[in-house]
Structure formats: structure tokens, C-alpha cells
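> whatever this is, show me its structure:
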Amino acid sequence: MPFPDWLARLNRRVINPVLGRLADRLPPLAVVVHRGRTSDRAYRTPVLAFRDGDGFVIALTYGPDRDWVKNVRAADGCTLIRAGRKLLLHRPQIVGEAEGVPPMPGWIRPAVRRLGVKAFLRLQGGPVA
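Purely as a prediction, here's the structure:
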């Protein structure tokens, strides 16, 4: 079950502005840089991003219906800033429990399961040239 909407609002207004200052330098934290579908405004969303082959996987703790996920899917990609590096990611694909929990470090798996995360965003790509 995704986190409740009130917690998402609290995170957006209070926690994300603070976390956003550190997220792009402290893996597994990262920042997804994306553009609004209608506003074309640039947004930065802090996430937990884990390496997955030639890309990354992000646990969708608030579910797949969040605006930032819709923006990334509509644009067919985003920029991910992780450990101070910019990565261009594309081919966003939502995967769920049916496909199994995507690869992520063993220390985070129990927390993801306990939180009831059932959807993940998988993206492919690499460093910005």
C-alpha cells in the first residue's frame, strides 16, 4: 500500500527541500530532474535509486500515479543526479510485484517490503557526455 497523500504533501513542503540539498551526493539517494507535462516547468524530486544492470530502479513509495512518475513517462526519460554525476535515463517502465522485487541491496529489501511498496520504476541509460 503506497504512503498516504498527507505524507506526500508533508514531504514535498518540508522534507524534500532539505533532503534535496543532499540527495544528489549521497547514494542511494538521488534526484530525478524532470519537466511538467503541461507547465514545462523543471522539477527536482529526491528518490532512492539503485543500480540495475545498465540503468536504475526506483521504489515508488507513493505509488505509480504521482505527477513526477507521469512526467518521466510522458517525456520517455529524465536526468538522474546521483553521487554528483548526471545520468540520462530513458525507457521508463513500471514493474510490480508480479515481476518480483527488482535488484537492490539486501539491506533495503526488508524495508521496502515492510513499507508495502508494490511498484517500481525501471529506467535505462548512462552518464551525460
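> what about this structure, any weak spots by pLDDT?
Judged by pLDDT under 70, the chain has its weakly predicted residues at 1-4, 7-8, 10-21, 97-98, 100-101, 103, 129.
> and the helices in it?
Using DSSP state H, the helices of the chain run over 5-10, 16-23, 67-75, 109-114.
> show me the contacts for Pro28.
With contact taken as Cβ atoms under 8 Å, 6 or more residues apart in numbering, Pro28 is in contact with 48-50, 82, 105, 108. For glycine as for every other residue, the C-beta is placed from the backbone atoms N, C-alpha and C.
> buried subset of those residues?
48-50, 82 (16 or more other Cβ atoms under 10 Å).
> TSV for those residues, including distance to Lys118?
Converted to TSV, those look like this (distance: Cβ to Cβ, whole Å):
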residue	distance to Lys118
Leu48	15
Ala49	18
Phe50	16
Arg82	24
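> which among those residues gets closest to Phe56?
Ala49 (4.6 Å; Cβ to Cβ).
> in this structure, which spans are strands?
All strands of the chain, identified by DSSP state E, fall at 29-35, 42-52, 55-59, 77-82, 85-96, 119-127.
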